[in-house]
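Asker: Make a model of this:
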Amino acid sequence: MTVVHSTLPEPARRVTGEALQETLVDLLGLSLVGKQAHWNIVGPRFRSIHLQLDEVVGTARSYADTVAERASALGVPPDGRPETIASAYGLPGTKEGWLRDTEVVGLMVESLEAAIGRLRKRIDATAEADPVTQDLLIGITAELEKQRWMFEAENWPREE
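Answerer: Okay, the predicted model is just below:
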């Protein structure tokens, strides 16, 4: 059943819809990872990282809504059901239990970096199919890169 008709030709709608759905899954999953870490972080940098995790969660949730609404506007029903997120999520996640502050920083750098890499592929995929969606994905990438940088700066000087 089609309720909303797309303004894009079908091949472009398919490419764009896939990019938006994958991004929705990444963002909702990232918000859950951030919240899980937020609840379980321990260590001397607890407070600053705890608060920074809320920024990531808020950013991911806000962009998830924007991405889902973009999909809807193009006639692609977004799927944010828990079972969809659980089966399709491909970014690093948290382990069970308490998490040292250094572990959380590493996890967030790794998760954000993976999300950024996936977004960059979607930016390329949507360049011709839908420049409007591409622009949205570029903005999300810029914000996630900022968040990644802030977490990476927590590990300075880097322990290598």
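Asker: Distance-wise, check Glu55 relative to Ser48.
Answerer: Note on Glu55: its distance to Ser48, by Cβ to Cβ, to the nearest Å, is 11 Å. For the C-beta atoms, the positions are set from N, CA and C on the backbone; glycine is no exception.
Asker: Kindly report the same for Glu10.
Answerer: From Glu10 over to Ser48 the distance is 48 Å, taken as Cβ to Cβ.
Asker: coming back round to it: compare Glu55 and Ser48 and say which one has the larger neighbour count.
Answerer: Neighbour totals were compared for Glu55 and Ser48, and Glu55 leads with 14 against 11 (other Cβ atoms under 10 Å).
Asker: Might one say that that one is in contact with Lys146?
Answerer: No. Look at Glu55 against Lys146 with Cβ atoms under 8 Å: they stay out of range, at 9.6 Å.
Asker: Between those two, which contacts overlap?
Answerer: Shared contacts of Glu55 and Lys146 (Cβ atoms under 8 Å, 6 or more residues apart in numbering): none.
Asker: Mind telling me what element the nearest residue to Val76 once chain neighbours are set aside is part of?
Answerer: Once flanking residues are discounted, Val76 sits nearest to Gly17: 3.6 Å by Cβ to Cβ, 6 or more residues apart in numbering. Assigned by DSSP states H and E, Gly17 falls within helix 10-40.
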